[in-house]
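Asker: Below is the sequence, then the predicted model.
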Amino acid sequence: MKSPYTGFVGEVWEEFPQLSEWHNLDNDKLPIWKLEKFIDAGYHNFVAERKPLYHLSKLVEQYAQENNQPLLSTFEKIARYKFVENRYQDMIKQIPKIWIVADFGKITIKTPLNIELLNCRDTNLANVWSVITRGPYGPFGLITEEFGDGKFRGFFTLNPNVTRHVLNVMGKTLGTKLTIQ
C-alpha cells in the first residue's frame, strides 16, 4: 500500500513498510479511548483534529508521570507549548527528564534543569505533534503531523522499534540524543 503520509511521518512509514499492513482506512479516526485500549491495539493510524490528540497526549503524559519515565513532546509552535507550560513545570516533579521540541524562533524560555528545550525551527519537525515515553517494552507513543489547518495524520504505536527509529531521526535532525530508549 502506498503511504497516506508525507513529511516526517511519511519517512517513518517508508522505513517500516509493514505499517501499511496495519493501516485500516475504514478505521482511521482517532477515538477517545483510555490508554489501555490503545496499548491493547498496539498500533492505530488516524486522521484527527486537536481535541482527540490532546486527549491521547495527556494519557501518555500521565503514564510517564505515574511510572516516573522520561517524556518527549513536540509542539508545532511556541504558542502550543505556552498553552501547557505550567502543567509541564508541575509534571517535571514526577518525571526524570522532559524534552520539549518546538519552533521557538529566537524566544528564550526559563525552565527547570530537567526540561530541555530543542528548537526545531526550519526542520521537518516544525509540523510534528508527538508525545513519547518509555513503557514496559520500550518507547511508545503518539506520532503525528499537521497536513492542513488543524488537521493531523499519524499513528499511535507500542512498537519500540518504530518509536526508537522516530527518536533517532528526531535526534539527528536536532543534533542531540534522545535517551528514552
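Answerer: Ah, there it is.
Asker: C-alpha only now, for contacts and for neighbours.
Answerer: Fine.
Asker: in stretch 65-75, what's buried?
Answerer: For stretch 65-75, the neighbour count (16 or more other CA atoms under 10 Å) marks Gln65, Asn68, Gln69, Pro70, Leu71, Leu72, Ser73, Thr74, Phe75 as buried.
Asker: Mind checking which of those residues land in helices?
Answerer: Using DSSP state H, the members of the buried residues of stretch 65-75 that fall in helices are Gln65.
Asker: Could you identify the most distant pair in the buried residues of stretch 65-75?
Answerer: Farthest-apart pair in the buried residues of stretch 65-75 is Asn68 and Phe75; separation 21.9 Å (CA to CA).
Asker: Quick check: can you name the pairing partners of the longest strand along the chain and their directions?
Answerer: The longest strand of the chain (DSSP state E) is strand 138-148. Paired neighbours of strand 138-148 in the sheet (DSSP bridges): strand 128-135 (antiparallel), strand 151-157 (antiparallel).
Asker: Which helix or strand in the protein has the lowest average pLDDT?
Answerer: helix 19-22 (a mean of 67; mean pLDDT, DSSP states H and E).
Asker: follow-up on the earlier one: convert the C-alpha atoms of the longest strand of the chain to CSV, please.
Answerer: Written as CSV, here are the backbone C-alpha positions of strand 138-148 (Å, rounded to 0.1, in the frame of the first residue of the first chain):
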residue,chain,number,x,y,z
GLY,A,138,10.5,0.2,25.4
PRO,A,139,9.5,3.6,24.0
PHE,A,140,5.9,4.2,22.7
GLY,A,141,3.6,7.0,21.9
LEU,A,142,1.9,9.3,19.6
ILE,A,143,3.5,10.5,16.3
THR,A,144,1.6,12.8,14.0
GLU,A,145,1.9,15.9,11.9
GLU,A,146,-0.3,18.7,10.7
PHE,A,147,-1.2,18.4,7.0
GLY,A,148,-3.9,21.1,6.9
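Asker: Not counting that strand itself, show me its contacts.
Answerer: With contacts defined as CA atoms under 8 Å, 6 or more residues apart in numbering, strand 138-148 is touched by 8-9, 56-57, 60, 127-134, 152-160, 163-164, 180-181.
Asker: buried ones in that strand?
Answerer: Residues Pro139, Phe140, Gly141, Leu142, Ile143, Thr144, Glu145, Glu146, Phe147 are the ones in strand 138-148 that count as buried (16+ other CA under 10 Å).
Asker: looking at the strands paired with strand 138-148, which is buried most?
Answerer: Of all the strands paired with strand 138-148, strand 128-135 has the most neighbours on average by mean count of other CA atoms under 10 Å, namely a mean of 25.
Asker: show me the contacts for Leu174.
Answerer: Leu118, Asn119, Cys120.
Asker: what's the spacing between it and Thr108?
Answerer: 17 Å (CA to CA, to the nearest Å).
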